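In: build the 3D model from these lines:
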Amino acid sequence: MKLVLATAALALAAGAATAQDVIRMGTEGAYPPYNFIDDSGEVAGFERELGDELCARAGLTCEWVTTDWDSIIPNLVSGNYDTIIAGMSITDEREEVIDFTQDYYPPTESAYVAASEEVDVLSGVVSAQTATIQAGHVAESGAALLEFATPEETVAAVRDGEADAVFADYDYLLPLVEASGGELMFVGERVPLGGGVGMGLRESDAALRDQFDAAITSMKEDGTLNALLVEWFGEQVGTY
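Out: Below is the predicted model of the structure:
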């Protein structure tokens, strides 16, 4: 009942004009469990459930659009969609180009995964997805950075011996390590990066940002965001 009432209240606050707009939600569709394409070809994952609920609470009609990660910010700025909801960490560098809502996933840690415990992640070859905070960290760490367009390719580089380790979000790597049967393992220390994950919007869309901010706040206050985080990431996930 609390969820229904909160949704209704926010929908009324959004206003009739905005409720008629179709908001295009841009995501990568390749970064489980944040977002991925399911067997029916639809966007699925934590951010699909979150985004649909945020749109309902804000009284918005939304549709989902997928795009390659390395062009995700330029495509937002050029108007190909209206939001980025794609596991994107809030950083000062990105905020020079786009705006963010408050975080809907708390600041988290990145981690190294390798096929051997003997790997030196500070001097070896480390793969990371291009245009990520992880790639930037590797580039400054002293290791040789090997960049790939998709997260799958970064892990494949370790399996194939092309890279000594991969550096990515811990929550992305955890299920891969658990399913590898000992082939992959965490090495080195985890590294806290970024200011949490938020929704990206054009700087000119302040009103839309405020609507999503209000919806995120309501989900934090009534506990539904925490429940969604635990559902998709497990009991160990950080919550609000």
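In: state the mean pLDDT of stretch 68-87.
Out: What stretch 68-87 shows for mean pLDDT is 98.
In: what does stretch 47-59 give?
Out: Mean predicted confidence for stretch 47-59 is 98.
In: which parts of that stretch are buried?
Out: Within stretch 47-59, the residues that count as buried by 16 or more other C-beta atoms under 10 Å are 47-48, 50-51, 53-59. All C-beta atoms are positioned from the backbone trio N, CA, C, and that covers glycine.
In: go on, stretch 214-226?
Out: Going by neighbour count (16+ other C-beta under 10 Å), the buried part of stretch 214-226 is 214-220, 224-225.
In: once you drop chain neighbours, what's closest to G196?
Out: Nearest residue to G196 in three dimensions, chain neighbours excluded: D103, at 2.9 Å (C-beta to C-beta, 6 or more residues apart in numbering).
In: any idea which helix or strand carries that neighbour?
Out: strand 99-105 (DSSP states H and E).
In: and the gap between the most centrally placed residue in the chain and G124?
Out: Nearest to the geometric centre of the chain sits G87, at 0.6 Å (C-alpha atoms, centre = their mean). Applying C-beta to C-beta, to the nearest Å, the value for G87 to G124 is 25 Å.
In: same question for P74.
Out: For P74, the distance to G124 - C-beta to C-beta - is 32 Å.
In: those two: which has the busier surroundings?
Out: Using other C-beta atoms under 10 Å, the more surrounded residue of P74 and G124 is G124, with 16 against 11.
In: what sits against the more buried one?
Out: Residues near G124 by C-beta atoms under 8 Å, 6 or more residues apart in numbering: 143-144, 163-165.
In: out of the residues you listed, which is nearest to V22?
Out: The shortest approach to V22 among the contacts of G124 belongs to A163, at 41.2 Å (C-beta to C-beta).
In: and that closest one, how many neighbours does it have?
Out: For A163, the neighbour count with other C-beta under 10 Å is 27.
In: ranges for the strands of this structure?
Out: Along the chain, counting by DSSP state E, strands occupy 22-27, 30-31, 35-37, 43-44, 61-66, 83-84, 99-105, 108-114, 125-129, 144-148, 165-169, 185-193, 197-201.
In: same list (the ones you listed) but as CSV, adding distance to E93.
Out: Shown next, in CSV, are those (distance: least, C-beta to C-beta, whole Å):
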stretch, distance to E93
strand 22-27, 19
strand 30-31, 20
strand 35-37, 22
strand 43-44, 26
strand 61-66, 24
strand 83-84, 14
strand 99-105, 12
strand 108-114, 16
strand 125-129, 16
strand 144-148, 16
strand 165-169, 18
strand 185-193, 12
strand 197-201, 12
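In: turn the ones you listed into TSV, columns for mean neighbour count and distance to L208.
Out: What follows is the strands of the chain, written out as TSV (neighbours: other C-beta atoms under 10 Å; distance: least, C-beta to C-beta, whole Å):
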stretch	mean neighbour count	distance to L208
strand 22-27	20	7
strand 30-31	22	23
strand 35-37	19	20
strand 43-44	20	20
strand 61-66	15	11
strand 83-84	25	8
strand 99-105	22	9
strand 108-114	22	26
strand 125-129	26	27
strand 144-148	18	32
strand 165-169	27	26
strand 185-193	15	27
strand 197-201	25	6
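In: and the ones you listed: which comes nearest Q236?
Out: That would be strand 108-114 among the strands of the chain, by C-beta to C-beta, at 10.7 Å.
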